[in-house]
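Engineer: structure for the following, please:
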Amino acid sequence: MIRTFNPDGMAAPASNYSQGASVPAGARWLHISGQVGASADGTVRDGFEAQLEQCFDNLIDVLKADGMDVSDLVKITVFAVPHGPECVAAYREIRDRYMGSHKPAATFLGSVSLASDGLLVEVEAVAAKA
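Structural biologist: Sure, this is the predicted structure:
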């Protein structure tokens with residue numbers, strides 16, 4: 001089981017994530033490539049929020065394909081082209097909806113561009129199952 005934590009003596013996380021995530025020895029690891037806002041047919045969804053939801057849908061599909069779910073996520077990293085306060089707020093709301101009570105370690109990064117024109121957000125992750 002993944003142990004998430006926030007050490008005493010440091011600032012609390014800015015939202016629902018953990019400062020640390022510890023995985024027991026012998027766990028099976030899954031590194032998930034950056035997922036973009038494209039559906040199975042390759043269509044890129046319109047807008048930041050729609051693309052972010054598709055990123056999380058794709059992420060969950062990869063987890064399921066390896067017998068895992070969101071509770072196995074250790075770390076999420078988000079790369080966002082629009083990255084102002086409104087995008088951070090949208091990201092936090094969508095992440096929290098998908099994660100439920102699980103709070104993996106997380107990083108949100110502003111980016112100048114992604115791999116293809118029209119992509120606004122990309123989510124990569126690391127998961128582990130004991």
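
Engineer: only C-alpha atoms from now on, for both contacts and neighbour counts.
Structural biologist: Will do.

Engineer: which ones are touching the residue nearest in space to the middle of the chain?
Structural biologist: Residue closest to the average C-alpha location in the chain (CA atoms, centre = their mean): I76, at 3.7 Å. Residues counted as contacts of I76 (CA atoms under 8 Å, 6 or more residues apart in numbering) are 104-107, 123-126.

Engineer: and A25, what element?
Structural biologist: Per DSSP states H and E: A25 is located in neither a helix nor a strand.

Engineer: tell me the spacing between it and S71.
Structural biologist: Using CA to CA, to the nearest Å, A25 is found at 17 Å from S71.

Engineer: between these two, which has more neighbouring residues?
Structural biologist: Neighbour totals were compared for A25 and S71, and S71 leads with 18 against 7 (other CA atoms under 10 Å).

Engineer: how about the residue nearest to the more buried one when sequence neighbours are not counted, secondary structure?
Structural biologist: Excluding the flanking residues, the one nearest S71 by CA to CA, 6 or more residues apart in numbering is H102, at 5.9 Å. Taking DSSP: H, G, I helix; E, B strand; the rest coil as the rule, one finds H102 in the coil state.

Engineer: quick check, H102 in contact with V70.
Structural biologist: Yes: between H102 and V70 there is a contact under CA atoms under 8 Å: 7.4 Å.

Engineer: all strands of this protein, in order?
Structural biologist: 3-5, 20-22, 28-36, 73-80, 105-110, 121-129 (DSSP state E).

Engineer: and for F48, the neighbour number?
Structural biologist: 20.

Engineer: likewise for W29?
Structural biologist: For W29, using other CA under 10 Å, the count is 15.

Engineer: pretty sure H83 contacts G110?
Structural biologist: Yes: between H83 and G110 there is a contact under CA under 8 Å: 5.2 Å.

Engineer: between the two, which has more neighbouring residues?
Structural biologist: H83 (19 against 15).

Engineer: from E122, how far off is the more buried one?
Structural biologist: For H83 relative to E122 (CA to CA), the value is 12 Å.

Engineer: tell me the spatial nearest neighbour of P13, not counting adjacent residues.
Structural biologist: Q19 (6.7 Å).
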